[in-house]
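Enquirer: Only the shape, not the letters, is given here:
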């Protein structure tokens, strides 16, 4: 079709990552524990459609206008109330910006704060998507030691002292305190207070990613770190992906007013779909509690199935998380195992998982894997984990 | 509430623009010609809701999975066929990425291609939103002389020669060939071929923003510049904002495969709402032609009303465009007038318009204004233009 082919290679801006290699991700496989999808059978299609119908009757014509730059005002009021009630937070609707999922919220905060070479602190294991965005902005990622309650305050303090001694000021601390991705760590109240106190002592802001907080199926609900902060040093984001659906592409940022004003300057025209906003708002206004309760029951049961299957097929050869919420297990294989090295072979055999290297700042957590169970049936969870265990045995990862 | 207030000022990354001043934009006013909104009464709420209902029955459960990174495959097939039929383009669905409006498409291309200090060529008057994104990436904007058919090929050639003589390689040429925003210029076929030929002679790619192409209400439909290109040097974007609604936040990019692969590396998780995609796809599959025909009739009539009102109230003291499509008029007042300087006073009196300075690369088109008529009633158009004319007379802009 083209007589010559224009070469864009030397037109691409600096810092744009190379395209992913063809076939590196691939489609879904039969036993696919790769991604933290929610449950397809509890997607409330009828309820959302009915809610959207009501909304369009009430305010449908407004769709021809560009949405408010921070997103639908009534949705922001709804969110401010939800955050106050469930997360102990005091934010006004003016301090909220709606985004197309929490991924966009993360991207905005990182873009806003990160110059190339900046140092960002985060949990020793963290979410691959966020780290990809940070790397794209040229950040240096420094992982903190953690336990089942997340970042160790003393490790944070020590790292910040070391950096300061070298003349380096960390730009911010990224943490997922509730059902941390991938480890499932759940930060207790004292730990939240301690981590915040260390961050404030060093004058380093916290970016709190709270997108799994709705999905608690055991243990006591804990307030957001943001709610404990009296200095306005915590940036916050959340999501509707897990309680409605990722396909809605709906999340949000909540931050001190000056930060919100700066975000607005780079967020022009990037507001989410009003169809998603209206359907979600009108639906959740009437059904939030019952729907989330249904999801919690579903995910608790699936988690139990997944933990039992790991116990049955991998047993004491592994360490496995047993989280009180979220959509994934974090499994540590014996030293020397390399889950990334055998992933493409696993995928050929219809098994998928998140290799540990995706979740570590140094890309070196070779003997770990993340197993997402939220979207799979109990049968597929049992059968899939059995197959993965057998596969790891054959490949010499589980001895 | 806060005992101290954390200061984020020195945490903000370089290149982030200052927050807009409070109240600089404000809400909508009664006679508001500021923004290119479509017509509220022709927003097909019922049709979209019915279409969404069908779609959710057929594929609703897929919403719990993250959408395909390039967007819904069947929507991309639909678009590839639409672009072939209406714009003469040969692009495969794999060469399309869905975006949250054409604003996001513009942002992606600019981010992909622009290093600070790069030179971008564009029409002498151009779209404010795009220029804002370009400036944010540190680009130097160079406006080309234009007439009612858009960029003059000889001006383009001369500018490129001048730049080359100075050792400057322009990064790309940004053009809106069809119903150019703000001028309404409509590039004829010969002009499209000539502009493309000059760009190819100099080895500079074209970014063709075609988001008004559907809204032709007079004259012959002309193929996209992309369709005339045999080198793969044209990047293309379009939108559903004008034929469905901006609130859907739905647009797209179409580009040569290597460019698409690079965009994917920076577009992770940024796909539009599947509610918007499904409703739009299922609706337009059945109703595209009839709905667009209805819109054309509506906008033709409103444009005639607006042109007549400018003629009646501003007469020969101004030059006014009379476009064959789009949603706006471009009006030149006598030399010495400054439409930006009196805008806040106009807004206090419930009149809004786009000052010329917003639409010129040098921010110096003082005696111009853009009038968007798409969302207003005939009565508001007539009354509003009469009021604006009177106001300009009082302020000494129209003598």
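Expert: Great, that's in hand. For clarity, every value in this text was computed on a predicted model and none was experimentally measured.
Enquirer: which residues sit in contact with the nearest residue to residue A:399 once chain neighbours are set aside?
Expert: Spatially, and ignoring its direct neighbours in sequence, residue A:399 is nearest to residue A:334 (6.3 Å; Cβ to Cβ, 6 or more residues apart in numbering or on different chains). Every C-beta, even on glycine, is put in place using the N, C-alpha and C of the backbone. For residue A:334, the contacting residues are A:317-318, A:367, A:397-399, taking Cβ atoms under 8 Å, 6 or more residues apart in numbering or on different chains as the criterion.
Enquirer: Kindly give a single ChimeraX line that selects the buried subset of the residues you listed.
Expert: For anyone working in ChimeraX, the buried entries among the contacts of residue A:334, judged by 16 or more other Cβ atoms under 10 Å in any protein chain shown, can be selected with:
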select /A:317,318,367,397,398
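Enquirer: what residue ranges in chain A score low on pLDDT?
Expert: A:1-4, A:20-26 (pLDDT under 70).
Enquirer: Chain B: which of the contacts of residue A:334 is nearest?
Expert: Using Cβ to the nearest Cβ, residue A:367 is the member of these that lies nearest chain B, at 26.4 Å.
Enquirer: List the contacts of residue A:266.
Expert: Counting by Cβ under 8 Å, 6+ apart, residue A:266 makes contact with A:108, A:111-112, B:16-17, B:136.
Enquirer: Just the buried residues of those residues.
Expert: Judged by neighbour count, with 16+ other Cβ under 10 Å as the criterion, the buried members of the contacts of residue A:266 are A:108, A:111-112, B:16, B:136.
Enquirer: Same list, those, but as a markdown table with secondary structure please.
Expert: Listed next are the buried ones among the contacts of residue A:266 as a markdown table, based on DSSP: H, G, I helix; E, B strand; the rest coil:
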| residue | secondary structure |
| --- | --- |
| A:108 | helix |
| A:111 | helix |
| A:112 | helix |
| B:16 | coil |
| B:136 | helix |
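Enquirer: Tell me how many other residues crowd the closest residue to residue A:328 other than its chain neighbours.
Expert: Nearest in space to residue A:328, with sequence neighbours left out and distances taken as Cβ to Cβ, 6+ apart, is residue A:372 at 4.6 Å. Per other Cβ atoms under 10 Å in any protein chain shown, the neighbour tally for residue A:372 reads 22.
Enquirer: Now the phi/psi pair for residue A:372, please.
Expert: Here the main-chain torsion angles of residue A:372 (degrees, to the nearest 10) amount to phi -90, psi 130.
Enquirer: Now residue A:105. Nearest residue, chain neighbours left out?
Expert: Nearest in space to residue A:105, with sequence neighbours left out and distances taken as Cβ to Cβ, 6+ apart, is residue A:237 at 3.7 Å.
Enquirer: Would it be right to say that that neighbour lies in a helix?
Expert: No - the assignment for residue A:237, made by three-state DSSP, is strand rather than a helix.
Enquirer: distance of it from chain B?
Expert: In this structure, residue A:237 and chain B are separated by 13 Å, where distance is defined by Cβ to the nearest Cβ, to the nearest Å.
Enquirer: From what I see, that residue and residue A:263 are in contact.
Expert: No - using Cβ atoms under 8 Å, residue A:237 makes no contact with residue A:263, being 11.0 Å away.
Enquirer: Close to chain B: what parts of the stretch 251-399 of chain A are there?
Expert: With Cβ under 8 Å from any Cβ of the partner chain as the criterion, the stretch 251-399 of chain A comes near chain B at residues A:256, A:258-259, A:261-262, A:264-266, A:268-276, A:279, A:375.
Enquirer: Buried among those residues? Make that a PyMOL selection.
Expert: One line in PyMOL is enough to select the buried members of those, burial here meaning 16+ other Cβ under 10 Å:
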select buried, chain A and resi 256+258+259+261+262+264+265+266+268+269+270+271+272+273+274+275+276+279+375
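Enquirer: Fine by me, thanks again.
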